[in-house]
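[1] just the structure for this:
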Amino acid sequence: AHPTGTMGGEWEAAAQAALISAAREHAAEVAREREQARQALRDKAAAEAALRALPDALQRAQTAELALKALEDKVLAETVGSDARAAIRSELQALQPPEGTVTDSASAQAAALAAAAGYEAADAEAQAELKARRALFGSELRRLEADGDSLRETLATAQHLHEQTTSELLRSQSAHTATRSELDRAQDHIAQLEQAVAELRADMCSEREARAAALAANEDLSAQLTSARSSAATAARQASDALRACEARAVLLRLRAAFERAMAAHRDDAAREMRQHLLRLATQWRQAGLSHEQAARATQQALFDQVGQQLQSLGKISALIAAPRAQACST
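    So this is what the prediction gives:
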């Protein structure tokens, strides 16, 4: 894989992952803000309900206090009206003497004393019962007063909670406004990222097209180099064959001339010497042919090396051509 293409794919994947992460964080923040708003509304509703219930509770406490006072007055009135009169009547009946034992004045004085004693006893009994009633209803009154104090504390707490809820609601509104502005900025950033991704995709497409053109040019150069190499090899082979043919022909001509000279010489010693000379010449020409063949091979190898150097030069030239494009794509 091409390194620039791999880098572009990794950058695109990182951009998509960043977009997904930003969307998830925004969704979580919106959910938290909605939950805070719901909690603030619930707290506000509870505070308003407590405020609405507080006057009714105070009214019930006042009604209970008035009912307690009315009941106390009624009990005192009933006690003084019935029991005291019954006690006075019983005391008067007990203090009345038998008929015919005392005079009218004594009986009247005794009746007055009995009445006074009865009134005092009734008053003492009424005071005792009043104290008992007060002790009985004092605890209820203290409980009602404690309930009133607790209701006042509840009212103060509800008012404080209402103030806190109002401040939290204001903070939530400001946080929602800030989050909305952050969301707008995030959307702008996402739009910029999408535009950058589109530009990167366009650059990648142009880079792919340039790389395809470079590959096509490289293939053309390779085909041309292959044809040049084959033509050079063919030319070297033909030159080697022509050299061998020329050498063989020269050897044959020289051998024929030597043979003709030997045949012309009519002496055995001269012919023997000529034969040996011809053999030496043949050996020398054979060695010369081998040396020429080695020279032809060296020439062919030199041609191959030259073609390889040309290929390396073309590869360096293509690399130098592709390097600025890769740097432009990476920037």
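[2] next structured bit after the helix or strand hosting V197?
    For V197, the host element (DSSP states H and E) is helix 104-264. Downstream of helix 104-264, the next assigned helix or strand under DSSP H and E is helix 268-330.
[3] packing partners of that next one?
    Here helix 268-330 touches helix 3-78, helix 104-264, going by 3 or more CB pairs under 8 Å, 6 or more residues apart in numbering; DSSP states H and E. C-betas here are computed from N, CA, C, even on glycine.
[4] what's the average pLDDT for the last one?
    In this case it means helix 104-264. Averaging pLDDT along helix 104-264 gives 71.
[5] now stretch 280-293
    79.
[6] buried sites along it?
    285, 289, 292 (16 or more other CB atoms under 10 Å).
[7] residue contacts, H189?
    Taking CB atoms under 8 Å, 6 or more residues apart in numbering as the contact definition, H189 lies against A22.
[8] distance of it from L19?
    Applying CB to CB, to the nearest Å, the value for H189 to L19 is 9 Å.
[9] what's the answer for R256, then?
    Taken as CB to CB, the span from R256 to L19 is 94 Å.
[10] the two - which one has more neighbours?
    L19 (16 against 10; other CB atoms under 10 Å).
[11] would you map out the domains in this protein?
    3-209, 215-330 (automatic domain parsing).
[12] neighbours of E207, how many?
    Neighbours of E207 using other CB under 10 Å come to 19.
[13] quickly note the distance from it to G315.
    20 Å.
[14] ok, A242 next?
    For A242, the distance to G315 - CB to CB - is 34 Å.
[15] could you do T154 as well?
    91 Å.
[16] name the residue in those two with the higher neighbour count.
    T154 (17 against 13).
[17] ok, that one to L169 distance?
    Distance from T154 to L169, by CB to CB: 21 Å.
[18] now swap in D184 and tell me
    Counting by CB to CB, the gap from D184 to L169 is 23 Å.
[19] A27 now?
    23 Å.
[20] these two - which one has more neighbours?
    Neighbour tally, A27 and L169, criterion other CB under 10 Å: the higher count belongs to L169, 16 against 10.
[21] just to check, that one is in contact with K44?
    Yes - with contacts counted by CB atoms under 8 Å, L169 reaches K44, the gap being 6.8 Å.
[22] coming back round to it: from the buried residues of stretch 280-293, which single one is nearest A248?
    G289 (7.6 Å; CB to CB).
[23] how near is that closest one to Q39?
    Applying CB to CB to G289 and Q39 gives a distance of 108 Å.
[24] swap in H176?
    In terms of CB to CB, H176 sits 14 Å off from Q39.
[25] likewise for K316?
    Taking CB to CB, one finds K316 at 71 Å from Q39.
[26] who has more neighbours out of the two?
    For K316 versus Q39, the count of surrounding residues by other CB under 10 Å is larger for Q39: 13 against 10.
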